[in-house]
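Student: Could you work out the structure for the sequence below:
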Amino acid sequence: MHDGPEYLDRATVPLATLLDEPSLQAELASPSPGVLAADPGLAAQIRSTPVAAAIVIELEDPGQYMLPGDLLMVTGLAFADDAEHDRDYIARLRASGVSALVFGLEPVHAEIPATLLAACREANFPLIVLPPPIYFAAVTSIVNRALETERTRALEHMNTLARHLTEAVLQHRPAQRLVERLATERGSWAALRIGDELYLGGDLPQELALTEMFAEFDERLRRPRGAKGGPSTAFTTVRAGGVDYEVAAHEATPRTSRNRGVDGSAILSIGRTPRLTRIDLTALQLAANLVGLLLQLPAAQSMAVDQLLMQLLMERHGSQILGAERDRFARLLANSLGGGARTAHAVIAMRDPNVATAGDPVPAGETVASDTNWLRQLLHTPLVEHRAKQLRAFVASAPTLSELEHAGQLGWLLAVSRPHPLLELPSAMQEAEELARAALHIGTHVDGTAPPSEASWPLGAAADPAVARAAAAQWLAPILTADTVEQRGALTSWLRQHGSWDRSARELGLHRNTVRRLVGEAQVRLGRDLDDPLERARVLLALTALEAEPIPGVVPAKRPG
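Tutor: Residues are numbered from 1 along each chain as shown. So this is what the prediction gives:
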């Protein structure tokens, strides 16, 4: 490991900026064309060599006046065909971090001194030759223009990347989204280790020894700080699949942690071939700070408070609260849900057990506590908790079709209850629980507020009775209200009497025309063609399933006789 490329502290452009500029007519004399042809990796590394400034210094030892990333331009006043001198000269330039040597032909030398060319090729040090008509001022102008363009581009790119990284933390599976967003550039990858969990993103090489790499970063980053302070970022170079990658790693520690190396800390790394950029390093530090926010203790405390609040809402029925406290309780709930809500829906979110997300360390069908952040964002509600394999929430408005579709694309199944008064939230959650079982069975969302679908019934009847009742209740919802008891009773009798108006009328003690009217009203509400034998069978099966046990909020129909 090393302390990191010092050029990352300055804006740079690749050496290819000069090599590809037609007006300069620059020739890359070192490394030799044969070496570059045989080693494409070296060729790419040379072209990507960072250049931070172009400087002319005709001294015996210019390195002491230069910074890492500087491009040195000379006419050759210090060279006199001395092989040992030239080797030492190039060694001093490399030690100083000089990016490359630009040699201008004439007026001092008509061609590159053979000893200098040999010294550069021996060290694979970049040597660029300019023909006589080209002035160093042209090189400086081109470099400066390119650097200014790069600064503007980098600023815009960093602003966009910072926004995307922040948005990733607020989405479903924030840790996974963060590493994916961190490594979007070609040739880059990112890895985040939180405890035993490993999140990967980008073009990760298959032969990368992640275990060994993180072990080294562990030792380097978590070493006790000395008087001058330990490293906040560690650097290394790894080789995988015949390609060299520059890698930087940063420790992400919860901000409330007083000691380094606590269990809640994590290590975030980013790699790129052939080398990292300033944007990579800045993005790494920002992403590490965001990971620290995800891990910090107050977030865990807040989650515990959320679960305690949800527990109180579901264990204590509003009807048990007396007097003025009832109104105060309802008002506080309405304000929490926003918009002066008078009713609420219970929502249960579950991971589809048949859907697995690539790179996600959480097994299919499982959920983690951090998923609550994503569900809050999707449903716009603070009342969310994580329990076992479910996320449970209360919302003022049922999820929209687009929100349901978005959840489905992420591999989630949602069960949504009908609206319930704010003092009856336990009933809403009980209904959502039954709908959730149906959703898992049929593999799709079950929205108790939406028009019934063919998928919810009679397929739900193949499962256990609770699932069958929940699916049937959704399918028959239009006739399960307090003002449809007579219609539902007449429809049930008529179906059991195989469509006989007279027998149904005698069983109900009504006139046959009244039975016709009630059945007709039920048919209109359901939107079903009861002249179709299959439709009649479906409705009768659903009504029979409902009679197995009362459904919360459903008014029972009068039994004939």
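Student: And Asn159, which helix or strand is it part of?
Tutor: helix 136-169 (DSSP states H and E).
Student: name the helices or strands packed onto that helix?
Tutor: strand 13-14, helix 16-19, strand 53-56, strand 70-74, strand 100-104, helix 174-182, helix 278-295 (3 or more CB pairs under 8 Å, 6 or more residues apart in numbering; DSSP states H and E). Heads up, the C-betas are built off the backbone N, CA and C, glycines and all.
Student: Let's see that with 6 Å instead.
Tutor: Packed against helix 136-169 by the contact rule (3 or more CB pairs under 6 Å, 6 or more residues apart in numbering; DSSP states H and E) you find strand 13-14, strand 53-56, helix 174-182, helix 278-295.
Student: That helix to helix 278-295, inter-axis angle?
Tutor: Orientation check (axes from the mean of the first three to the mean of the last three CA atoms, to 10 degrees): helix 136-169 against helix 278-295 gives 20 degrees.
Student: okay, the angle between helix 136-169 and strand 100-104?
Tutor: 160 degrees.
Student: Quick check: His386 touching Leu375?
Tutor: No - counting by CB atoms under 6 Å, His386 does not reach Leu375; the two are 9.0 Å apart.
Student: So those two - more neighbours on which side?
Tutor: Leu375 (23 against 20; other CB atoms under 10 Å).
Student: pretty sure that one is touching Val384, no?
Tutor: Yes - under the criterion of CB under 6 Å, Leu375 makes contact with Val384 at 5.1 Å.
Student: Now do the buried residues in the helix holding Asn159.
Tutor: Of all the residues in helix 136-169, those buried under the rule 16 or more other CB atoms under 10 Å are 136, 139-140, 142-143, 146-147, 150, 154, 157, 161, 164-165, 168-169.
Student: With stretch 536-551 instead?
Tutor: By neighbour count on 16+ other CB under 10 Å, the buried set for stretch 536-551 is 536, 538-543, 545-546, 551.
Student: Filter those down to the ones in helices?
Tutor: 536, 538-543, 545-546 (DSSP state H).
Student: Mind telling me what element Thr115 is part of?
Tutor: helix 114-122.
Student: Next, the angle from that helix to strand 100-104.
Tutor: 150 degrees.
Student: Would you mind getting the angle between helix 114-122 and strand 70-74?
Tutor: 160 degrees.
Student: which residues touch helix 114-122?
Tutor: 30, 32, 79, 81, 83, 86-87, 90, 127 (CB atoms under 6 Å, 6 or more residues apart in numbering).
Student: make it 7 Å
Tutor: Residues outside helix 114-122 that contact it (CB atoms under 7 Å, 6 or more residues apart in numbering): 29-32, 79, 81-83, 86-87, 90, 101, 127.
Student: before we move on, back to that, tabulate the ones in helices among the buried residues of stretch 536-551 in CSV, adding columns for pLDDT and distance to Ser336.
Tutor: Output for these, formatted as CSV (pLDDT from 0 to 100; distance: CB to CB, whole Å):
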residue, pLDDT, distance to Ser336
Arg536, 83, 46
Arg538, 79, 40
Val539, 85, 40
Leu540, 84, 43
Leu541, 81, 40
Ala542, 82, 36
Leu543, 85, 38
Ala545, 78, 36
Leu546, 76, 33
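Student: Same list (those) but as JSON lines, adding distance to Ala118.
Tutor: Shown next, in JSON lines, are those (distance: CB to CB, whole Å):
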{"residue": "Arg536", "distance to Ala118": "96"}
{"residue": "Arg538", "distance to Ala118": "90"}
{"residue": "Val539", "distance to Ala118": "93"}
{"residue": "Leu540", "distance to Ala118": "96"}
{"residue": "Leu541", "distance to Ala118": "91"}
{"residue": "Ala542", "distance to Ala118": "90"}
{"residue": "Leu543", "distance to Ala118": "95"}
{"residue": "Ala545", "distance to Ala118": "90"}
{"residue": "Leu546", "distance to Ala118": "93"}
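Student: and which of those is nearest Ala473?
Tutor: The nearest member of these to Ala473, counting by CB to CB, is Leu546 at 6.4 Å.
Student: tell me the SS of the nearest residue to that closest one once chain neighbours are set aside?
Tutor: Of all residues not flanking Leu546 in the chain, Ala472 sits nearest, at 5.4 Å (CB to CB, 6 or more residues apart in numbering). Following DSSP: H, G, I helix; E, B strand; the rest coil, we place Ala472 in the helix state.
Student: Distance of Ala346 relative to Ser336?
Tutor: Using CB to CB, to the nearest Å, we find Ala346 at a distance of 14 Å from Ser336.
Student: right, I mislabeled it, should have said Ile348
Tutor: 19 Å.
Student: Could you do Glu212 as well?
Tutor: Glu212 sits 49 Å away from Ser336, taking CB to CB as the criterion.
Student: Which one's more surrounded, the two?
Tutor: Remark: of Glu212 and Ser336, Ser336 carries more neighbours, 17 against 10, as counted by other CB under 10 Å.
Student: ok, and the more buried one, which helix or strand is that part of?
Tutor: Ser336 is part of helix 324-337 when elements are defined by DSSP H and E.
Student: what does that helix rub up against?
Tutor: Counting by CB under 7 Å, 6+ apart, 318, 321, 340-342, 344, 381-383, 394-396, 422-423 sit against helix 324-337.
Student: rerun at 8 Å
Tutor: Outside helix 324-337, the residues within contact range by CB atoms under 8 Å, 6 or more residues apart in numbering are 313, 318, 321, 340-342, 344, 381-383, 394-396, 422-423, 425.
Student: Of the helices and strands packed on helix 136-169, give the one that comes closest to Ala110.
Tutor: strand 53-56 (19.7 Å).
Student: How far off centre is that closest one?
Tutor: Per CA atoms, centre = their mean, to the nearest Å, the displacement of strand 53-56 from the mean C-alpha position of its chain is 43 Å.
Student: got it, and stretch 145-160?
Tutor: A distance of 25 Å separates the centroid of the chain from that of stretch 145-160, by CA atoms, centre = their mean.
Student: Give the buried residues for stretch 197-217.
Tutor: 198-202, 204-205, 208, 210, 213-214, 216-217.
Student: Sort out for me which of those residues are in helices.
Tutor: 210, 213-214, 216-217.
Student: and the buried residues of stretch 197-217 as TSV, adding pLDDT?
Tutor: TSV is the format used below for the buried residues of stretch 197-217 (pLDDT from 0 to 100):
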residue	pLDDT
Leu198	89
Tyr199	90
Leu200	91
Gly201	91
Gly202	90
Leu204	87
Pro205	87
Leu208	88
Leu210	90
Met213	92
Phe214	91
Glu216	89
Phe217	90
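Student: Between those, which sits nearest Glu185?
Tutor: For the buried residues of stretch 197-217, the nearest to Glu185 is Gly202 (8.0 Å; CB to CB).
Student: Check the contact between that closest one and Arg181; I expect there is one.
Tutor: No - with contact defined as CB atoms under 8 Å, Gly202 does not reach Arg181; the gap is 9.7 Å.
Student: where exactly do the helices run in the stretch 401-550 of the chain?
Tutor: 401-409, 425-442, 465-475, 485-496, 501-508, 512-526, 533-546 (DSSP state H, counting those that start in this stretch).
Student: Now tabulate those in a markdown table and tack on distance to Glu251.
Tutor: A markdown table is the format used below for these (distance: least, CB to CB, whole Å):
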| stretch | distance to Glu251 |
| --- | --- |
| helix 401-409 | 34 |
| helix 425-442 | 40 |
| helix 465-475 | 48 |
| helix 485-496 | 64 |
| helix 501-508 | 76 |
| helix 512-526 | 61 |
| helix 533-546 | 57 |
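Student: mind checking the SS state of Val108?
Tutor: When classified by three-state DSSP, Val108 comes out as coil.
Student: Let the chain start at 6 from now.
Tutor: All right, first residue 6 from here; so that's Val113.
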